[in-house]
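S.K.: just to be clear, the model below is a prediction. Sequence and coordinates:
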Amino acid sequence: MPETANDLTNLGVKEIRDGVAGGDFTAREVAESFNAAVAAAAELNAFIVTTPDHALAAADAVDAKRAKGEDLGKMGGVPIGMKDLFATHGVQTTAASHILEGFKPQYESTVSQNLWDAGAGMLGKLNLDQFAMGSSNETSYFGNVNSPWKKDGTNTAMSPGGSSGGSSSAVAARIAPAATGTDTGGSIRQPAAFTGICGIKPTYGRCSRWGVVAFASSLDQAGPMARSVEDCAIMLEAMAGFDPKDATSLQMDVPNWEAALDADLKGKKIGIPKEYRMDGTDQAILYSWEQGKAWLRDAGAEIVDISLPHTKYALPAYYIIAPAEASSNLARYDGVRYGLRDLPEGAGLQDMYAATRAAGFGDEVKRRVLIGTYVLSAGFYDAYYTQAQKIRTLVAQDFEKAFGQCDAILAPTTPTASFPLGSLNEDPLTMYLNDVFAVPASLAGLPAMSVPATINEDGLPLGLQIVGKPFDEQGVLNAGLAIQQRAGFEAKPDKWW
Amino acid sequence: MSVTREEVAKIASLARIRMEDAELDRMVPELNNILDWVEQLGEVDTSGVEPMTAVIPNTLRLRDDVVDAIPETSGGRRDDVLANAPAAEHGFFGVPKVIE
């Protein structure tokens, strides 16, 4: 690879956009550099399919616009990775499942279309946990994703987190300057924390769900993953916006988050929820939380203690609500309209459904569909599903009360750093506990972000989470920026791929 | 509450997922672990609490009463709809014989 190409893959969204606009390099040069980096990183298994031609075509369009003096768009000349949960016209969209292998949507998801309209190009479709169900990127039909990070002095394959594990791995490895993610119960924030990058899940409804393969519709929300708070602000602006094709889309203007970024937190109160101090949390994580408080205090904020009393019930409630919605959403995979069909010799329609779904879904997906079917079944609905929805109300009310005392909340993103692939597979429950700090904000629909804080004693990244009031992505981004400026996180994984 | 092997088989049948014996044997303890764990929700007093229906206050919109107002979700796209069907025949989805 030529030296200049190497340099270009170190750039983030803002630097690429401004560099292309200013004529420091062309969008085509950028796309070629990242295409080459993607092609050379097959060992990460971050991409399910690569689309170098898409990236080049978008880049050429941006370069042509520049030649004519036209506006290049918010993401002009920035090639990105697209989580393979977003429907992309004519490009295989699988949700990392066998049941959707070969599926080529005849339409484009709203979020991806918004990004292309803003001048971005697509490097490829990123691997993920199957149907976004998982926290380690080990449930994909297309194989595990490797984190670019290793524990110091070891060669053990580490988890990039999940479900947006292809996204986190690609951005941390600098084979993409940014990527889309989706977050149902932590799937943007946890992988961002595991790989030393930023990721924000906006308020529920900010980004259209149209064309996003549905997991749990009342929770699913798209967001950007990138290496800086500024880059997340830019990309979220491009992704968000009202969409009449999504009944839960927020009919609100998209603020100019990038322009309003301000790390001065004077007059702001940051809440520290006492219930997040849980058994089993790493000492290094608790220490980084203390650092985070000091950084925000230094930025002018006042730190206040708050209580979110129903925190411990959020995760079990989530594991009723999300599987319940998943069991309904995934009923569409029937071997009739798209995707896999398994029709045993002489089988009727019912047998075809059962055979198709047996062959097409992975273990974790089946587990969740069964749990969901059970908690929605006659006789159990009230005891499980209705009770969980009531607890969801209580979790949301906890936040509402807390926001009477503070403007945003600071907490760890995860209870531990990344773990070796294969180390938590014995028991699904231990895996679920990864999202214990992420799920409450999801249940309440709140904007929440993970920002890299530090490196632990093993040389692995740790993240801090900021949770904001509904619609206050700006407050979340600003607090994130204050942390970013003080944490000085510059560690990057040594290239082994 | 815990589920028996027969109940798991019944749930799998309701979910239209064929499960072999070995898979059922594996699933039963896994599901029971999860169900035992969510059992703790029962200790929360939720009397007088409304179950959540919408996480962010939002009103359901009415669209203008215009046919095919949004091209992507409108009619006239038979070939697009059938493009990914495993067995599209004569402009329809093909399925195994349903009626004897």
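M.R.: On my side now, so go ahead. Everything numeric in this text was worked out from a predicted model, so none of it was measured.
S.K.: contacts for stretch A:28-44 next, please.
M.R.: Around stretch A:28-44, the neighbours that count as contacts under CB atoms under 8 Å, 6 or more residues apart in numbering or on different chains are A:1, A:4-6, A:8-9, A:11, A:16, A:19-20, A:47, A:50, A:52, A:55-56, A:58-60, A:63, A:77-79, A:121, A:123-124, A:145-146, A:148, A:169-170, A:173-177, A:496-497. Bear in mind the C-beta positions are built from the backbone N, C-alpha and C, glycine included.
S.K.: and those residues, which of them are buried?
M.R.: A:5, A:8-9, A:11, A:16, A:19-20, A:47, A:50, A:52, A:55-56, A:58-59, A:63, A:77-79, A:121, A:123-124, A:145-146, A:148, A:169-170, A:173-177 (16 or more other CB atoms under 10 Å in any protein chain shown).
S.K.: please narrow those residues to those residing in strands.
M.R.: Among the buried ones among the contacts of stretch A:28-44, DSSP state E puts A:47, A:50, A:79, A:121, A:123-124 in strands.
S.K.: which helix or which strand is home to residue A:462?
M.R.: Assigned by DSSP states H and E, residue A:462 falls within strand A:461-468.
S.K.: run the angle between the next helix-or-strand element following that strand and strand A:461-468 for me.
M.R.: With elements assigned by DSSP H and E, the helix or strand that comes after strand A:461-468 is helix A:473-487. Going by axes from the mean of the first three to the mean of the last three CA atoms, to 10 degrees, helix A:473-487 is angled at 150 degrees with respect to strand A:461-468.
S.K.: so where do the strands sit in the stretch 101-250 of chain A?
M.R.: A:121-126, A:178-183, A:198-201, A:221-226 (DSSP state E, counting those that start in this stretch).
S.K.: dump these to CSV, plus distance to residue A:452 and mean pLDDT.
M.R.: Output for the strands of the stretch 101-250 of chain A, formatted as CSV (distance: least, CB to CB, whole Å; pLDDT from 0 to 100):
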stretch, distance to residue A:452, mean pLDDT
strand A:121-126, 20, 98
strand A:178-183, 15, 98
strand A:198-201, 7, 98
strand A:221-226, 11, 98
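S.K.: any idea how far the closest residue to residue A:482 other than its chain neighbours lies from residue A:480?
M.R.: Of all residues not flanking residue A:482 in the chain, residue A:299 sits nearest, at 3.7 Å (CB to CB, 6 or more residues apart in numbering or on different chains). According to CB to CB, to the nearest Å, residue A:299 stands 11 Å off from residue A:480.
S.K.: the two: which is more packed in?
M.R.: Just comparing residue A:299 and residue A:480: by other CB atoms under 10 Å in any protein chain shown the higher neighbour count belongs to residue A:480, 28 against 21.
S.K.: correct me, but that one touches residue A:447?
M.R.: No: under the criterion of CB atoms under 8 Å, residue A:480 makes no contact with residue A:447, lying 10.6 Å away.
S.K.: which neighbours do those two share?
M.R.: In contact with both residue A:480 and residue A:447: residue A:200, using CB under 8 Å, 6+ apart.
S.K.: how far out from the middle of the chain is stretch A:382-394?
M.R.: 26 Å (CA atoms, centre = their mean, to the nearest Å).
S.K.: for it, C-alpha coordinates in CSV please.
M.R.: Provided in CSV are the C-alpha atoms of stretch A:382-394 (Å, rounded to 0.1, in the frame of the first residue of the first chain):
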residue,chain,number,x,y,z
ASP,A,382,-49.9,-11.6,32.3
ALA,A,383,-47.4,-13.3,34.7
TYR,A,384,-44.5,-12.6,32.3
TYR,A,385,-45.2,-10.2,29.6
THR,A,386,-47.5,-7.7,31.3
GLN,A,387,-45.4,-7.8,34.4
ALA,A,388,-42.3,-7.0,32.4
GLN,A,389,-44.1,-4.1,30.6
LYS,A,390,-45.1,-2.7,34.0
ILE,A,391,-41.5,-3.0,35.2
ARG,A,392,-40.5,-1.2,32.0
THR,A,393,-42.7,1.7,33.1
LEU,A,394,-41.1,1.7,36.5
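S.K.: give the buried residues for that stretch.
M.R.: A:384-385, A:387-394.
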